[in-house]
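Asks: need a structure here:
(chains A and B)
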Amino acid sequence: MNERHIAPAFIVAVLCAFGFMVTYGFDGNTQLQGGLLGGAFGGLGVGMILWAKHLMPNEEVEDHRHEMESSPEEQQEFNELIEGAAGDVTRRKFLSRLGLAAVGSIGLAALFPLKSLGPNPGNSLFRTGWAKGLRLVTQEGKPIKATDLEVGGALTVFPDNGEHRNERDSTIVVKVDASAIKPRRGRESWAPEGNIAYSKVCTHVGCPVGLYRENTQELLCPCHQSTFDVLDGARPIFGPASRSLPQLPLSIDSEGYLIAQSDYKEPVGPGFWSRGRRKMEDD
Amino acid sequence: MALALRRKKAGGASQPPPFRQASKWIDERLGLSKFAPKQLSKVFPDHWSFMLGEVTLYCFVILLATGVYLTFFFEPSVREVTYNGSYAPLVGTQMSAAYKSAVDLSFDVRAGLVMRQMHHWSALLFVAAMVLHLLRVFFTGAYRKPRELNWVIGVNLLILAVINGFLGYSLLDDLLSGTGVRVGYSILLSIPLIGDLAASLVFGGPFPSPAMIPRFFALHVLLLPAAIIGLLSAHLGMVWFQKHTQFRGPDRTEHNVVGTPLFPTYAVKALGLFVLVVAVVAAMSGLAQINPIWKFGPFAEAKTVAAVTSASQPDWYMGWMDGLLRLIPGWETRVAGFMIPNAFWGGIVLPGITFTVMMLWPWLEPRWTKDRKAHNLLDRPRDAPFRAGFGAGVLMFYFLLLLAGSNDVLATIFSVSPENITYVFRVLIFVGPVVTYLVTKRICEDLQGTNAHPAAPGPNHLVIRRADGGYDIAHGVHHDDPHDLVVDPNNTNAPAPGEPIDKGPTSKRKPKPKPKPKPKKEVQN
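Replies: Numbering: from 1, shown residues only, chains lettered A, B, ... in the order given. Have a look, this model is predicted:
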């Protein structure tokens, strides 16, 4: 290995670097740019390593390790230095405690601005934008009639409460054969004409439960494969979710459009510590 | 050339050359020459596995350089804008300014996509190299006294790197990362007692909050990099101060360090490696697409809930957590009306245990080895069969979780239902690590007995791993001491222990008349 063997590497680097400038000037093709940059750096790197390996001194040498640990005298000296100062402080009990109180109070005070980082969630985890009488609309804002969906059809809907569509309000309405539904007690009137609606926010970690399998009447979450039985109150039948998707009570208004009877009767989405401690307000 | 030299001589008889002037200028102020020669000739032991930490460092440098470039174009805001750039399928779409600026950077800024992809690829490589470096340190016992503190710093660097990677790819506000952020929010929410407040403090309100993107940006480009730079400096400073560990070998003791001096050869090699890492990352960034956010579409609440489908995977280093989220059955603990959601176990408890045990490991191991001495000589993995087995078992556990994080993709590939794949993984994550532990421990014990290299070429050859990382081929090897390479004195063809043999020709040489196939028998024992 001599200079003549290493030189081509550097030549490749020079050519690729200029090539990069040229492609940049022309159209900035990503593949060419990346490849040429790779060639430029690659040539340089190969050249450097070959040079170091073959033309530079490479003999192994031995060096001593100094002991990490200090001598007992040094340790003694250090300890006495610190302990002397510390003893001076602790001897003045009144002043040192007061000083400590000052430091502690300032530390505590410094925590307060952190509270500005986020509001107390309050009721927000328990409520959604749904309310009595709100129509079900698509994301474009088109209201849905009870007869719009065929059996086996599914649609993502939001409450008709303004421009902004909120993720927490997202609901999937599925049209099924009304006689196949096994309604839970108190929910007999929630699915008029086989239109049954569930929160689309997965009760596991909140992904949208986006996949509807018509042949098995299952709703499937694409993130972690939680699976819910549409006909049986969206009971979880597989995967990490442990709670049913909350069901939105539906009815039909005088013009035939689907509306909500009320907000969800339980918090939607993933669980949290105090989820069961607050009664949902009736409306 | 000769002319130039002569001219220099003539003109500079009273004037020393520029380097001399500069070094004198600095020396008068800082006493450079007192310490620089000693530091420049610092000895570093050579072994290929010692380069893993270097590669990690170089990836970080690439991340800083490309990251600064990206900040000049990225707008960390959820302000709603309409796309009007050169990627036709998105024209007219409502999106956040963050997503738009990232798409613009990809299509309308020259070299922008190369920079963005370099940033993303080097981030993946950064964590990968870091994990490999960690494995090297673990399996060779390099974390033992006096280096426990540096191990702890290293684990913290890993945590910071993973968090910052997650924040980084969440910034782009695309549909895929937005779903990941939703999961992150739910995991924070699942913390007992303080979860709802903690999630709100981090996200600036309930998900999706407009404060999210600007906040992640500040953390991603300011706070976490500063923390990483600080810890990294301490990490490298300690290596410098304590001097690098070395493998056993001739003339190598606990009290010396054998290797090449930093300056100039080692430094040029190290710089060359840096340049090569840049080369690989640059080439990948041009030729291998990563995170094509324009295909995922913007994270807009209404659209997202309608559009998210299967094969939503996070970046690889988050995969193990996602895997556990998928595997844990639907358990939700209710205590006195309070709830501990399922996500708490996979999202908080598992990472918590993982990193706590990792940090405590240098103090856990001596509890059963009773070895509290300082070590500057490294173990080979086989020298500590329990440690190797334990490490391999744990590694298998996380590897299986990582695979489980892609259970939907695996289900498609193997045409089985995701349910069945999940059931298989639920069993495998218990069986796999135990089997791996037993097999690894057994292999290590066997290797100890034979001193053979696991990749020996044939039954009558023994490849002996030299402590400097090279290999010797020997015929007829004793096996009394696992640390000393004792070669059969009757076999004149065999190399003496530690004798520097050029690897190529030796391994190609036809074996001369062999001694009794004694070593073969021992391999099987």
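Asks: Roughly how far does residue A:19 sit from residue B:65?
Replies: According to C-beta to C-beta, to the nearest Å, residue A:19 stands 21 Å off from residue B:65. Heads up, the C-betas are built off the backbone N, CA and C, glycines and all.
Asks: before we move on, what about residue B:16?
Replies: In terms of C-beta to C-beta, residue B:16 sits 36 Å off from residue B:65.
Asks: And for residue A:258, nearest residue in space, chain neighbours not counted?
Replies: Spatial nearest neighbour of residue A:258, excluding adjacent residues (C-beta to C-beta, 6 or more residues apart in numbering or on different chains): residue A:136 at 4.5 Å.
Asks: Pull up the per-residue confidence for the one you found.
Replies: Note on residue A:136: pLDDT of 95.
Asks: Residue B:514 too?
Replies: Per-residue confidence (pLDDT) for residue B:514: 43.
Asks: likewise residue B:264?
Replies: At residue B:264, pLDDT is 92.
Asks: one step back: between residue A:19 and residue B:65, which one's more packed in?
Replies: Taking other C-beta atoms under 10 Å in any protein chain shown, residue A:19 and residue B:65 do not tie; residue A:19 has more neighbours (17 against 14).
Asks: Quick check: closest non-adjacent residue to that one.
Replies: Once flanking residues are discounted, residue A:19 sits nearest to residue A:36: 4.5 Å by C-beta to C-beta, 6+ apart.
Asks: The one you found is in what secondary structure piece?
Replies: Using DSSP states H and E, residue A:36 sits within helix A:30-55.
Asks: which parts of that helix are buried?
Replies: For helix A:30-55, the neighbour count (16 or more other C-beta atoms under 10 Å in any protein chain shown) marks A:30, A:32-52 as buried.
Asks: ditto for stretch B:143-151
Replies: Applying a neighbour-count criterion of 16+ other C-beta under 10 Å, one finds B:143, B:144, B:145, B:147, B:148, B:150, B:151 buried in stretch B:143-151.
Asks: give me the element residue B:20 is part of.
Replies: If you go by DSSP H and E, residue B:20 is part of helix B:18-30.
Asks: Say whether chain A is contacted by the helix or strand just after that helix.
Replies: Using DSSP H and E, the helix or strand that follows helix B:18-30 in sequence is helix B:32-40. No. Helix B:32-40 does not reach chain A (C-beta under 8 Å from any C-beta of the partner chain); its nearest approach is 10.0 Å.
Asks: what helices or strands is helix B:32-40 leaning on?
Replies: Counting contacts by 3 or more C-beta pairs under 8 Å, 6 or more residues apart in numbering or on different chains; DSSP states H and E, helix B:32-40 packs against helix B:18-30.
Asks: could I get the helix it packs on in PDB with only the CA atoms?
Replies: This file holds the C-alpha atoms of helix B:18-30, laid out as PDB (Å, rounded to 0.1, in the frame of the first residue of the first chain):
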ATOM      1  CA  PRO B  18       3.000  30.600  11.500                       C
ATOM      2  CA  PHE B  19       2.300  27.400  13.600                       C
ATOM      3  CA  ARG B  20       5.300  28.200  15.800                       C
ATOM      4  CA  GLN B  21       4.000  31.700  16.300                       C
ATOM      5  CA  ALA B  22       0.500  30.500  17.100                       C
ATOM      6  CA  SER B  23       1.600  27.900  19.500                       C
ATOM      7  CA  LYS B  24       3.900  30.400  21.300                       C
ATOM      8  CA  TRP B  25       1.000  32.900  21.500                       C
ATOM      9  CA  ILE B  26      -1.300  30.300  23.200                       C
ATOM     10  CA  ASP B  27       1.500  28.900  25.300                       C
ATOM     11  CA  GLU B  28       2.300  32.300  26.800                       C
ATOM     12  CA  ARG B  29      -1.300  32.500  27.900                       C
ATOM     13  CA  LEU B  30      -2.300  28.900  28.700                       C
END
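Asks: So what touches that helix?
Replies: Here helix B:18-30 makes contact (C-beta atoms under 8 Å, 6 or more residues apart in numbering or on different chains) with B:15, B:16, B:32, B:33.
Asks: Residue 141: neighbour count?
Replies: Looking at chain A here, since you left the chain open. 13.
Asks: meant chain B, my bad for not saying
Replies: When neighbours are counted by other C-beta under 10 Å, residue B:141 registers 23.
Asks: Spatially, what comes nearest to it if we skip its sequence neighbours?
Replies: Per C-beta to C-beta, 6+ apart, closest to residue B:141 is residue B:379, 4.2 Å.
Asks: Quick check: the residue of chain B nearest chain A.
Replies: Proximity of chain B to chain A (C-beta to the nearest C-beta) peaks at residue B:286, 1.2 Å away.
Asks: For that residue, give its distance to residue B:105.
Replies: Distance of residue B:286 to residue B:105, given as C-beta to C-beta: 16 Å.
Asks: how about stretch B:125-140, does it reach chain A?
Replies: No. Contact of stretch B:125-140 with chain A (C-beta under 8 Å from any C-beta) is absent, the minimum separation being 13.8 Å.
Asks: Could you export that stretch as CSV, CA atoms only?
Replies: Presented in CSV, the C-alpha positions along stretch B:125-140 are these (Å, rounded to 0.1, in the frame of the first residue of the first chain):
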residue,chain,number,x,y,z
LEU,B,125,-28.7,5.0,13.9
PHE,B,126,-27.8,7.1,17.0
VAL,B,127,-30.1,5.0,19.2
ALA,B,128,-29.0,1.8,17.5
ALA,B,129,-25.3,2.4,17.9
MET,B,130,-26.0,3.5,21.5
VAL,B,131,-27.8,0.2,22.2
LEU,B,132,-25.0,-1.8,20.6
HIS,B,133,-22.4,0.2,22.6
LEU,B,134,-24.4,-0.5,25.7
LEU,B,135,-24.4,-4.3,24.9
ARG,B,136,-20.7,-4.3,24.4
VAL,B,137,-20.2,-2.5,27.7
PHE,B,138,-22.6,-5.0,29.4
PHE,B,139,-21.3,-8.2,28.0
THR,B,140,-17.6,-7.3,28.6
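Asks: a markdown table for the buried residues of stretch B:143-151, including pLDDT, secondary structure and distance to chain A?
Replies: Formatted as a markdown table, those follow (pLDDT from 0 to 100; DSSP: H, G, I helix; E, B strand; the rest coil; distance: C-beta to the nearest C-beta, whole Å):
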| residue | pLDDT | secondary structure | distance to chain A |
| --- | --- | --- | --- |
| B:143 | 97 | coil | 15 |
| B:144 | 97 | coil | 13 |
| B:145 | 94 | coil | 9 |
| B:147 | 97 | coil | 10 |
| B:148 | 97 | helix | 12 |
| B:150 | 98 | helix | 12 |
| B:151 | 98 | helix | 15 |
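Asks: Tell me where the model's unsure across the stretch 1-150 of chain B.
Replies: Residues of the stretch 1-150 of chain B that meet the criterion pLDDT under 70 lie in B:1-13.
Asks: try 50 this time
Replies: Counting by pLDDT under 50, the stretch 1-150 of chain B has low-confidence residues at B:1-2, B:11-12.
Asks: How about chain A?
Replies: The model of chain A has pLDDT under 50 over residues A:281-283.
Asks: 70 instead, please
Replies: For chain A, the stretches flagged by pLDDT under 70 are A:278-283.
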